[in-house]
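Kindly generate the corresponding structure for this input.
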Amino acid sequence: MVTYMDTKLLWLTALVVTVCAVSFTSGMSLYGMCLTTCSKCSAEFGGRFNEGMCREICGETNGKSIASSCETGFDVDKRSKESVHICRKYCASCVLTYRHSYNGAKCANLCMDTEGTSIDIDCLNMDMWNRNVRRRSN
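As a prediction, the model looks like this:
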């Protein structure tokens with residue numbers, strides 16, 4: 001004979017299993033998207049971007065670092081200043097926004113060369129734009 005408590009326990013178990021399954025699958029998709037972003041950032045920034053470190057951070061955060069993947073993939077050594085890190089963060093943001101139209105490698109190199117004073121907050125530095133790539137009009 002099935003009691004009210006047995007039915008309640010069965011529904012509660014089903015709910016917990018469903019929540020865990022949804023959580024696991026959404027985490028996997030975030031992780032996959034994070035790894036894809038690391039590959040794109042590596043292609044865009046070249047040698048100044050550490051794809052292995054980016055992938056490692058994706059694993060540590062279960063993909064939740066996807067929004068800042070281009071930012072976290074840069075090796076910041078002891079000599080680098082915070083302004084260089086911030087400058088490169090904006091380069092990564094411009095690349096994620098404008099894709100191949102914005103030259104992220106050139107921007108990152110300029111950040112290093114100018115110790116972060118070349119910061120392009122609004123992505124308006126025309127020297128960073130790839131003129132051979134047509135920008136889409138929104």
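
Ser118 - how many residues pack around it?
21 (other C-beta atoms under 10 Å). Using the backbone N, CA and C atoms, a C-beta is placed for each residue, glycine as well.

Likewise for the one 4 residues further on?
The burial count assigned to Asp122 is 8, neighbours taken as other C-beta under 10 Å.

what about it, which SS state?
coil (DSSP: H, G, I helix; E, B strand; the rest coil).

mind checking pLDDT for it?
pLDDT recorded at Asp122 is 91.

Quick check: the gap between it and Ile86.
Per C-beta to C-beta, to the nearest Å, Asp122 is found 14 Å from Ile86.

next one: Met126
Counting by C-beta to C-beta - Met126 and Ile86 are separated by 21 Å.

which one of the two has more residues nearby?
Higher neighbour count among Met126 and Ile86: Ile86, with 15 against 7, using other C-beta under 10 Å.

Pretty sure the more buried one sits against Ile121.
No: counting by C-beta atoms under 8 Å, Ile121 is not a contact partner of Ile86; they are 9.4 Å apart.

Past the one helix or strand in the chain whose mean pLDDT sits lowest, which element shows up next along the chain?
Sorted by mean pLDDT, DSSP states H and E, the helices and strands of the chain end with helix 69-72, the least confident at a mean of 66. For helix 69-72, the following helix or strand on the C-terminal side (DSSP states H and E) is helix 82-98.

ok, and for that next one, which residues are buried?
With burial defined by 16 or more other C-beta atoms under 10 Å, the residues of helix 82-98 counted as buried are 84, 87-96, 98.

for the protein, what spans make up the helices?
With DSSP state H as the criterion, the chain has helices at 4-45, 51-60, 69-72, 82-98, 104-113.

Extract the residue ranges of this protein that are flagged as low pLDDT.
For the chain, the stretches flagged by pLDDT under 70 are 1-28, 67-69, 71-81, 133-138.

From Gly32, how far off is Ser39?
11 Å.

before we move on, what about Gly46?
23 Å.

Equivalent analysis for His85, please.
Distance of His85 to Gly32, computed by C-beta to C-beta: 27 Å.

try Gly63
From Gly63 to Gly32 the distance is 7 Å (C-beta to C-beta).
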